[in-house]
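# Please work out how this folds:
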Amino acid sequence: MTDELKLIAAAKAGSAEAFCDLARLYRERLLRFLLTRCASYADAEDVLQDTLIAAFRYLHSYDARWRFSTWLYRIAIRNAAKLRGPDLLEVGELRDEENDPLLQCMADSESKNLWLNARQLLNDDVFAAMWLRYAEDMSVNDISKALDRSASWTKVNLMRGRRTLESNLSDVPEQSEAYG
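Here you go, the predicted model:
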C-alpha cells in the first residue's frame with residue numbers, strides 16, 4: 001500500500017492530520033491548475049479552499065479505482081465552473097496582463113511561453129485537457145474522468161490541441177528575428 005493510500009485510509013477513518021497531509025501533497029498543483037481557470041489569484045485560492053473542504057466532507061465517496069488526484073481535479077473543475085459567470089471574459093481571451101494569474105505563474109516571455117499561447121488559442125476544456133496531460137502528467141483515462149468526458153473525446157482533443165499549437169506557433173517569429 002502506498003503512502004497516499006495509507007493517508008486516504010487514515011483520513012477516511014477520521015484522521016484530520018492525514019487529510020492535512022493529503023492536502024499538502026496536492027495544494028500547489030491544484031492551485032497552479034486553478035490559476036489557469038480563474039479570473040484572479042484570489043479566486044483560484046477560494047476555489048482551492050472550497051475544493052479541499054468538499055474533498056474532506058465527501059472523502060467517504062472517493063472510489064479507489066481512480067487516482068486520488070483525478071477525484072480532486074474533478075472537484076476543482078466543478079468548483080471553478082460554479083465561480084465563472086456570464087460576465088467573465090470569453091473563452092481564450094486574455095485578461096488584463098498586469099493582473100493575469102497565469103502570467104504571474106509562468107516565467108517565460110509571452111512569445112515563447114507555450115501555456116500562454118495555448119490559453120489564447122484553445123477553448124477551456126481543451127486547454128484543461130492539455131494542462132492535465134502535459135503539466136500534471138495525468139493519463140488519458142484520468143483526464144477524461146476529471147473533465148467528465150469520454151476517453152475518445154480526450155484523445156481527439158489532445159491531438160487537435162497539439163495540432164493547433166503546432167500550426168500557430170510555427171508562425172511565431174523567433175526572438176532573434178523579431179528584434180532583429
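# where are the low-confidence patches of this protein?
Within the chain, the stretches with pLDDT under 70 are 1, 84-112, 171-180.
# what about the residue nearest the centre of it, which helix or strand?
Centroid check for the chain by Cα atoms, centre = their mean gives Phe33 as the closest residue, at 3.1 Å. Per DSSP states H and E: Phe33 is located in helix 16-35.
# Determine how far that helix lies from the middle of the whole chain.
Mean C-alpha position of helix 16-35 versus that of the full chain (Cα atoms, centre = their mean, to the nearest Å) differs by 13 Å.
# residues of it that come out buried?
Going by neighbour count (16 or more other Cβ atoms under 10 Å), the buried part of helix 16-35 is 18-19, 21-23, 25-26, 30-35. In this view, the C-beta of every residue, glycine as well, is placed from N, C-alpha and C.
# export the helix or strand where Arg119 lies as CSV, just CAs?
Assigned by DSSP H and E, Arg119 belongs to helix 114-121. Taking Å, rounded to 0.1, in the frame of the first residue of the first chain, the C-alpha atoms of helix 114-121 are listed here in CSV:
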residue,chain,number,x,y,z
LEU,A,114,3.6,27.7,-24.7
TRP,A,115,0.9,27.8,-22.0
LEU,A,116,0.1,31.5,-22.6
ASN,A,117,-0.3,30.7,-26.3
ALA,A,118,-2.4,27.7,-25.5
ARG,A,119,-4.7,29.7,-23.3
GLN,A,120,-5.3,32.1,-26.1
LEU,A,121,-5.8,29.5,-28.8
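# Toward the C-terminus, what is the element adjacent to that helix?
With DSSP H and E, the next secondary element past helix 114-121 is helix 124-130.
# what sits against the nearest residue to the residue nearest to the centre of the chain once chain neighbours are set aside?
Spatial nearest neighbour of Phe33, excluding adjacent residues (Cβ to Cβ, 6 or more residues apart in numbering): Trp131 at 6.2 Å. Trp131 is in contact with 33, 36, 115, 118, counting by Cβ atoms under 8 Å, 6 or more residues apart in numbering.
# from those, which two are the most distant?
Across these, the longest distance by Cβ to Cβ is 13.3 Å; it joins Phe33 and Ala118.
# Give me the buried stretch members for the helix holding Arg119, please.
So, applying 16+ other Cβ under 10 Å, buried residues of helix 114-121: 115-119, 121.
# do the same with stretch 145-159
145-147, 149, 153-154, 157-158.
# one step back: any chance you could list what contacts the helix or strand following the helix holding Phe33?
Note on helix 16-35: by DSSP H and E, the next helix or strand toward the C-terminus is helix 41-57. By Cβ under 8 Å, 6+ apart, the residues outside helix 41-57 that reach it are 11, 19, 22-23, 27, 30-31, 34-35, 37-38, 71-72, 75-76, 79-80, 83, 101, 104.
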